[in-house]
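# generate a structure from the sequence data that follows.
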Amino acid sequence: MKKGCIILLIFMLAATLAGVYWIFFVPRGIAIDKTRYPITGIDVSAHTGLVDFVGAKKQKIDFAYIKATEGANYVDPKFEKNYRNAKTASIPPGAYHFFRFNKSGTEQAENFLTAIRGKKFHLPLVLDVEEWGNSRSNGKKKVVAEIRVFLNLVQNATGRRVMIYTNESSYKKYIRDYFKNNDIWLCSFRKNPNIGKKWVFWQHSHRGKFDFAEGWVDVNTFHGGRAAWERYWRR
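From the prediction side, this is the model:
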C-alpha cells in the first residue's frame with residue numbers, strides 16, 4: 001500500500017512539473033502582422049499527429065514543411081503519408097532533416113536523400129540546425145564541418161541549394177559566418193527579428209492550434225506578399 005502511494009505521488013509530481021514546464025517554458029510564439037506577411041504555412045512531423053491537409057487548404061494554409069528524417073537513420077513515420085496528403089490537397093510541400101551534432105554529415109545526407117528519392121518538392125529542401133535537443137560533445141568546428149558535408153552532398157545530388165532552418169543563437173554560432181549563400185528559415189519569437197540578413201521563412205509560433213490537426217502545429221510566414229509567393233513556389 002505504502003509503495004503504491006509513493007509511486008502515485010511520484011507520478012503526480014512528474015505530471016505537475018511537466019505541466020509547469022509546458023505552461024511557463026515552452027515558447028508560445030507571437031502573432032504577426034498579416035497585412036505585411038499574408039502567407040501562412042505550417043511544419044509538421046509525427047509529433048503533430050493526424051493532419052487533414054484538405055482541411056488545411058480550406059483554412060488557407062499556403063504551404064507545408066514536412067519532417068522527413070533525423071540523424072543517420074531515423075525516418076519520420078508520418079513522412080510518406082503527410083507528403084502524399086499535402087500533394088493531394090494541392091498544398092506545396094517541402095521536406096526537412098533535423099541535424100544531429102554527433103552524427104556525420106555523410107550518413108545524415110544519405111538518410112535524407114534516400115527518404116526523399118522520387119518525390120517532387122515545390123519548396124527548397126531544408127536542414128534544421130539547432131542546439132536544442134542536440135549533443136554538445138562535438139565542438140563548433142566539427143559541427144560546422146559536418147553541416148558543410150551534408151549541404152554539399154544534398155546540393156550536388158539534387159541540383160538545388162538547401163535552405164537552413166535555425167534560431168537566432170544557432171544562426172550566429174553555426175551559420176552566419178560559414179553558410180552565407182544559403183537562404184534562412186528563422187525561428188524567432190521577437191516582433192521584428194533581425195539577423196543581418198533577409199530571412200525567407202519565419203517560424204513565429206510553436207503552438208498553433210487548428211481544427212485540421214490533432215496536435216500543436218508550428219506556424220510560419222513567407223517574407224513577401226501574395227504575388228511574390230506565387231513567383232517563389234512556382235519557379
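
# how about the helices in this protein?
Listed in chain order, the helices of the chain (DSSP state H) span residues 2-24, 53-58, 79-88, 105-116, 140-158, 168-170, 226-234.

# what is the second one packed up against?
The helices and strands touching helix 53-58, judged by 3 or more C-beta pairs under 8 Å, 6 or more residues apart in numbering; DSSP states H and E, are helix 79-88. For glycine as for every other residue, the C-beta is placed from the backbone atoms N, C-alpha and C.

# pLDDT below threshold where in this structure?
1-28 (pLDDT under 70).

# pull the number of nearby residues for G71.
G71: 17 surrounding residues under other C-beta atoms under 10 Å.

# thought it was touching F101?
No - the pair G71 / F101 is not scored as a contact, 9.6 Å apart, by C-beta atoms under 8 Å.

# and D76, what does it touch?
S45, A46, I66, K67, A68, T69, E70 (C-beta atoms under 8 Å, 6 or more residues apart in numbering).

# go with 7 Å
By C-beta atoms under 7 Å, 6 or more residues apart in numbering, the contact set of D76 is S45, A46, K67, A68, T69.

# Throw those into a markdown table and include distance to D218 and neighbour count, thanks.
Shown next, in a markdown table, are these (distance: C-beta to C-beta, whole Å; neighbours: other C-beta atoms under 10 Å):
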| residue | distance to D218 | neighbour count |
| --- | --- | --- |
| S45 | 9 | 21 |
| A46 | 13 | 14 |
| K67 | 10 | 25 |
| A68 | 15 | 28 |
| T69 | 17 | 24 |
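
# pick the one among those residues closest to N111.
Closest approach to N111 among the contacts of D76 (C-beta to C-beta): T69, at 4.9 Å.

# isn't the closest one up against L113?
No - T69 is beyond contact range of L113, at 9.1 Å (criterion: C-beta atoms under 7 Å).

# returning to that earlier point: of the contacts of D76, which belong to strands?
Among these, DSSP state E puts K67, A68, T69 in strands.

# gap between H97 and V126?
Here the criterion is C-beta to C-beta, to the nearest Å. By it, H97 lies 7 Å from V126.

# do V217 as well
17 Å.

# with R160 instead?
Using C-beta to C-beta, R160 is found at 11 Å from V126.

# what does A46 give?
From A46 to V126 the distance is 17 Å (C-beta to C-beta).

# can you pull the contacts of A46?
With C-beta under 7 Å, 6+ apart, A46 has these contacts: D76, P77, K78.

# for burial, what's the neighbour tally of the second one?
By other C-beta under 10 Å, the residues close to P77 number 11.

# just give the nearest non-adjacent residue to it, would you?
For P77, ignoring the flanking residues on the chain, the nearest one in space by C-beta to C-beta, 6 or more residues apart in numbering is A46 at 5.1 Å.

# what of the first one?
With C-beta to C-beta, 6+ apart as the criterion, D76 has its nearest non-adjacent residue at 4.4 Å, and that residue is K67.

# dump the residue contacts of the one you found.
So K67 contacts S45, D76, F79, Y96, F98 (C-beta under 7 Å, 6+ apart).

# the first one and K81: what is the separation?
Spelled out, that is S45. Distance, S45 to K81, by C-beta to C-beta: 12 Å.

# now for the residue lying closest to S137 once chain neighbours are set aside: which residues touch it?
In this structure, S137 finds its nearest non-sequential neighbour in N102, 5.9 Å apart by C-beta to C-beta, 6+ apart. In this structure, N102 makes contact with S135, S137, N138, judged by C-beta under 7 Å, 6+ apart.
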